[in-house]
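Colleague: Just the structure for this:
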Amino acid sequence: MNDRLASMRRCHPDSIRAERIAGFLCNAVLIAVSIAYIIIAQSKDWTLIPGWIGLGLFIFTLVWYTWVTPVLSYRTFGFKVSEEELELRSGWIWLTDTIVPMTRVQHVELERGPLLRKYGLAEVKVVTAAKTHVIMALESDEAERLKQQIGELAKVVEHDE
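Modeller: A predicted model of the protein is given here:
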């Protein structure tokens, strides 16, 4: 898989930073909820076990989704666009190699969330009748060009969201 992945286009390296921030923010909220439970449980004389279990779990997921997952996602994601198809590769436990025929593409979307915008990135979403396929974090200009290219190859009208 690594040889074929090397020949594919990759997402932007800043996607690691954006994914790390998202993982940190989400887990920081969950850790705060666990700490709040522990404080309330102490004052109400409830059991502290759920709070400590939650706190331990969320600290683990904070480390996992802030440091491990973003790097693995970046290293294992790749895509290739040809006149007939879009090929997407991803996964580090369950490896996924998807080929989307251009004739199946219904529309193409460009998405820029707050963290992606902060780093000048965007995602391209290729929608078929069965599924939405995401090309992760590309530079905004490159994402716009890719959206146009896929739209022209698939002969569809693109949608910005």
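
Colleague: alpha carbons only for contacts and neighbour counts from here, please
Modeller: OK.

Colleague: which of the residues in the top helix by length along the chain are buried?
Modeller: Assignment by DSSP state H gives helix 14-44 as the longest helix of the chain. By 16 or more other C-alpha atoms under 10 Å, the buried positions in helix 14-44 come out as 14-24, 27-28, 30-31, 33-35, 37-38, 41.

Colleague: same question, stretch 70-85
Modeller: Those would be 70, 71, 73, 74, 75, 76, 77, 78, 79, 81, 85, for stretch 70-85 by 16+ other C-alpha under 10 Å.

Colleague: Quick check: nearest residue in space to the second one, chain neighbours excluded?
Modeller: Spatial nearest neighbour of residue 71, chain neighbours left out: residue 16 (6.2 Å); criterion: C-alpha to C-alpha, 6 or more residues apart in numbering.

Colleague: list the contacts for the one you found?
Modeller: Contact analysis of residue 16 by C-alpha atoms under 8 Å, 6 or more residues apart in numbering lists 70, 71, 74.

Colleague: what's the spacing between the second one and residue 63?
Modeller: For residue 71, the distance to residue 63 under the criterion C-alpha to C-alpha, to the nearest Å works out to 12 Å.

Colleague: before we move on, what about the last one?
Modeller: Residue 74 is 17 Å from residue 63, where distance means C-alpha to C-alpha.

Colleague: go on, residue 116?
Modeller: Distance, residue 116 to residue 63, by C-alpha to C-alpha: 21 Å.

Colleague: neighbour count winner among these two?
Modeller: residue 116 (21 against 15; other C-alpha atoms under 10 Å).

Colleague: Which residue, other than its chain neighbours, is closest to the residue nearest the centre of the chain?
Modeller: In the chain, the centroid-proximal residue (C-alpha atoms, centre = their mean) is residue 136; its distance is 6.0 Å. What sits nearest to residue 136 in space, not counting adjacent residues and going by C-alpha to C-alpha, 6+ apart, is residue 123, at 5.1 Å.

Colleague: what about the one you found, which SS state?
Modeller: When classified by DSSP: H, G, I helix; E, B strand; the rest coil, residue 123 comes out as strand.

Colleague: Just give me the neighbour total for it.
Modeller: 22.

Colleague: hey, what's it bridged with?
Modeller: Per DSSP bridges, the residues bridged to residue 123 are residue 111.

Colleague: so it makes contact with residue 134?
Modeller: Yes - assessed by C-alpha atoms under 8 Å, residue 123 is found in contact with residue 134 at 6.7 Å.

Colleague: does residue 98 belong to a helix or a strand, and which?
Modeller: If you go by DSSP states H and E, residue 98 is part of strand 96-101.
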